[in-house]
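> A structural model of the following input is requested.
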Amino acid sequence: MFIAASIAFDPGRAPTGDEGPLLAAAHRLLHGTYAAAGTTNPVQFLWHGPGLPAFLAPLLALGLPLSELRLTSPLLMFIAVMLFYRLLRLRLSRRSALIGAYALGLYAPGYYVLGTVAKEPLALVLSVGALYGTARYVNGGRRRHAGLGGLSLAALVMTRVEYGWVIAIILVAGVLWWLYTASRHSPASERARIARRWVTVYALAMLACVPWLAYTYALTGHMFYWGNSGGLSLYWMSSPSPSQLGQWHSPATVFVDPALAAYRPLFWHLTTLSPLRSDLALQHLAIVHALAHPAKYALNVLANVGRTFLGFPFSFTLPAAVIAALVLINGALLVAVVISAAAVLRRRTPLPPESTPFLLFGLVGLAVHLLPTSEPRMVIPLMPVPIWLIGQALSSRVAALGTAKDAAARVVLAPLAGRWGLPVGAMRAFARGVHAAAWSGGPLRRRFAGEARAGRRLPARAQAARERAR
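Now for the predicted structure:
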C-alpha cells in the first residue's frame, strides 16, 4: 500500500521540495564534508541535519537513481509500522496491537511525504525506536535497550534538528523530577528508579549529539547551536502584520509574491549576510515582535494549530477533499485522546511506568513544533504517542470488564464452592474447563460437561483435580 501510494504521488523525474538540498548534502558527505564552506545560501549551511543525508549517501554511492531513492520513504514507513506493533505488544494483546499498528499505517497525513525523498519516514522509524527502547529499559533495565532508546533519539535529532530542543527540555525536566522523587521517597524507591532510567536514556541521547554540537560550534562559535533553519520559521510566526498568520515563506517567494513586497527590503539585506548572521538576525526580530505583540503572536500560534491539524489557514487553498480528510482524521484522533485521558483519570488506573517519558515526548515535541511555523507532515513522528495512549486506555477498559466478570463469577460460584469444599478460584478454573469441553465436540467431554451441570458425582479425573485444588 505504501509503495502504491508512493508511485501514485511521484512528482516526476526532477527533484522537488527538499530533495535537491538533501541529495546535495549526501554528495558532500561522500566527499568528506557537510556544510558548504563560504556559502551565502542558508540551505547549504546547517539547514538540514545530517541524518537523512547519511542514510542516502551509501545509496548514492551505489548509483541508485532518484526514482529508486524515493522508494525508501514507503520502506521506512512500513518498518515504522512493524516496529510500532512490537511496541504495542509490550502491553496489548495481538489483536489490539495490530489495530494500533494499522491506525499508524493508515494515518493519512503521513502519505503526504510518500513519493518523495523526505525526512519524516526516517524520523518516524527513529521515534518509534526511541519509544520502544525507552519502554524496554524502564521496565527491564537492560543496557542494550537504553542504548537503543538513546541512540534512536540522537539519530532523530540528526534527522530533524528541532528535536534537539525536545531532548534538552525533557532531560532538564527529568533530572528535576528524579531529584524530587528521590528526596521525597528514597533514591531506591520505585518512582526514583523509573525516573532515573528514562533520564538515563535522554542523557545518552544528549551525549550522542555532542559530536554534532561540536561541529556546529566549530563553524559558528555558538554553543548549543542545532541548525540555521529555525530563525526563518520563528520570524514568520511572530509577524505582527494583519495579513500574515504565521505561515512560512521562503526568501525566494518573498521576491516574487506581490503580497510579500513589504518584506523585500529586509530579505535583500539578509542576502548580504552569512547564513549564521542571517539566522541570528531573524531570531532577534522574532523575539522583538513576539514581546511587542503577544496577542498577535498567540493568534498566529492558534492559526498554526489549524494549519498543522486541519490544513488551513494557508495563503493558498488545499483541495476540499484534503481538508475534509485532515479534519475527519485528526478530529477523530483528538476526540479519542480526550475520551481515553478522561477514562484513565476517571478510573484512576495507573498507566505503565513508561507513560511519563512518552507523554513528555509527545507534549514537548508538539510545543516545539507549534511555536514556530509548522505543517501537517512535521508532527508525523509524534503520532505514535496518542495512538499508544488510546491503546492503553482501551486495554484498561478491557481489564476492568474482566475484573467485573470475575466478580460476578465469584458471586455465582460461591455457593457451589461452599457445598463442595473448594476454593472459588478452583471453581472458576473448573467452570472454564467445562465450558471449553462442552464446545470441543467430543462425546465424552460433552457427557462430562452435562454431568457437571446436572450436579452428579464427578468422574475420577475431576475428583483428582478437586483433591489437588484442595
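> and for L64, the neighbour number?
Residues lying near L64 (other CB atoms under 10 Å) number 15. The way it works is simple: take the backbone N, C-alpha and C, and place the C-beta from them, glycine included.
> just the pLDDT for it.
In this model, L64 is scored at 92, pLDDT.
> same question for I287.
On the pLDDT scale, I287 gets 96.
> quick one: W236 and T373 touch, right?
Yes - between W236 and T373 a contact is recorded at 5.2 Å, counting by CB atoms under 8 Å.
> more neighbours: which of the two?
Between W236 and T373, counting by other CB under 10 Å, T373 is the more crowded of the two (25 against 21).
> who touches both of W236 and T373?
By CB atoms under 8 Å, 6 or more residues apart in numbering, W236 and T373 have these common neighbours: 246-248.
> low-confidence bits of the chain, can you list those?
396-470 (pLDDT under 70).
> V379: what's it in contact with?
Counting by CB under 8 Å, 6+ apart, the residues that V379 touches are 109, 308-309, 365-366, 369.
> which members of the residues you listed are the farthest-apart pair?
P109 and G365 (15.4 Å; CB to CB).
> which residue of those two possesses the greater neighbour count?
Between P109 and G365, G365 has the larger neighbour count (other CB under 10 Å), namely 25 against 22.
> what's the closest non-adjacent residue to the residue nearest to the spatial centre of the chain?
The chain has L382 as the residue nearest its centroid, 2.8 Å off, counting by CA atoms, centre = their mean. Excluding the flanking residues, the one nearest L382 by CB to CB, 6 or more residues apart in numbering is G365, at 4.8 Å.
> please identify the helix or strand for the one you found.
helix 355-370 (DSSP states H and E).
> now P386
helix 384-420.
> ok, how many other residues are close to the closest residue to L334 other than its chain neighbours?
For L334, ignoring the flanking residues on the chain, the nearest one in space by CB to CB, 6+ apart is F309 at 7.7 Å. Residues lying near F309 (other CB under 10 Å) number 19.
> just L333 next, same as before
17.
> how about it, nearest residue that isn't a chain neighbour?
P386 is the one closest to L333 (CB to CB, 6+ apart), at 6.0 Å.
> over to F9?
Nearest one to F9, counting by CB to CB, 6+ apart, is G115 at 3.1 Å.
> now P376
Nearest to P376 is P109, by CB to CB, 6+ apart, at 4.5 Å.
> for L273, same thing?
The nearest residue in space to L273 (CB to CB, 6+ apart) is A281, at 6.7 Å.
> can you pull the contacts of that neighbour?
231, 270, 273.
> separation between the residue nearest to L334 and L326?
According to CB to CB, to the nearest Å, F309 and L326 sit 7 Å apart.
> now swap in A118 and tell me
Going from A118 to L326 by CB to CB gives 18 Å.
> how about G149?
Counting by CB to CB - G149 and L326 are separated by 31 Å.
> then T200?
To L326, T200 is 38 Å away according to CB to CB.
> identify the residue spatially nearest to I194, adjacent ones excluded.
Nearest residue to I194 in three dimensions, chain neighbours excluded: P353, at 4.6 Å (CB to CB, 6+ apart).
> list the contacts for that neighbour?
138-139, 194.
> phi, psi for it please.
phi -60, psi -30 (degrees, to the nearest 10).
> start at 20 instead
Okay, residue one is now 20; in that scheme the one you just asked about reads as P372.
> what about R113, neighbour count?
10.
> meant to ask about A305
Neighbours of A305 under the rule other CB under 10 Å: 23.
> okay, and the nearest residue to it once chain neighbours are set aside sits in which element?
Leaving aside its sequence neighbours, A305 sits nearest to L253 (CB to CB, 6+ apart; 3.7 Å). Per DSSP H and E: L253 is located in helix 249-256.
> in that helix, what's buried?
Neighbour-count burial for helix 249-256, with 16 or more other CB atoms under 10 Å as criterion, is recorded at 249-256.
> residues in contact with the nearest residue to A80 once chain neighbours are set aside?
Of all residues not flanking A80 in the chain, L49 sits nearest, at 6.0 Å (CB to CB, 6+ apart). L49 sits next to 76, 79-80 when contact means CB under 8 Å, 6+ apart.
> in helices, which of these fall?
Per DSSP state H, helices hold the following members of the contacts of L49: 76, 79-80.
> mind checking the SS state of P230?
helix (DSSP: H, G, I helix; E, B strand; the rest coil).
> against T178, how distant is it?
15 Å.
> the two - which one has more neighbours?
Taking other CB under 10 Å, P230 and T178 do not tie; T178 has more neighbours (26 against 11).
> how many other residues sit next to the closest residue to the more buried one other than its chain neighbours?
Computed as CB to CB, 6+ apart, the closest residue to T178 that is not its neighbour in sequence is G70, at 3.3 Å. By other CB under 10 Å, the residues close to G70 number 21.
> only alpha carbons, please: show the helix holding L253 as PDB.
Presented in PDB, the C-alpha positions along helix 249-256 are these (Å, rounded to 0.1, in the frame of the first residue of the first chain):
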ATOM      1  CA  GLY A 249      14.800  28.000  13.000                       C
ATOM      2  CA  GLY A 250      15.200  31.700  12.600                       C
ATOM      3  CA  LEU A 251      13.100  32.000   9.500                       C
ATOM      4  CA  SER A 252      10.300  29.900  11.000                       C
ATOM      5  CA  LEU A 253      10.300  31.900  14.200                       C
ATOM      6  CA  TYR A 254      10.200  35.200  12.200                       C
ATOM      7  CA  TRP A 255       7.200  34.300  10.200                       C
ATOM      8  CA  MET A 256       5.400  33.000  13.200                       C
END
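> in CSV, list the C-alpha atoms belonging to the very next helix or strand once past it.
Counting by DSSP H and E, the next helix or strand C-terminal to helix 249-256 is helix 270-273. In CSV, the C-alpha atoms belonging to helix 270-273 read as follows (Å, rounded to 0.1, in the frame of the first residue of the first chain):
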residue,chain,number,x,y,z
PRO,A,270,13.0,34.0,0.7
ALA,A,271,12.6,33.2,-3.0
THR,A,272,8.8,33.5,-2.6
VAL,A,273,9.2,36.9,-1.0
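> so which bits of helix 270-273 are buried?
With burial defined by 16+ other CB under 10 Å, the residues of helix 270-273 counted as buried are 270, 273.
> so how far is it off the chain centroid?
32 Å (CA atoms, centre = their mean, to the nearest Å).
> right, I'll leave it there.
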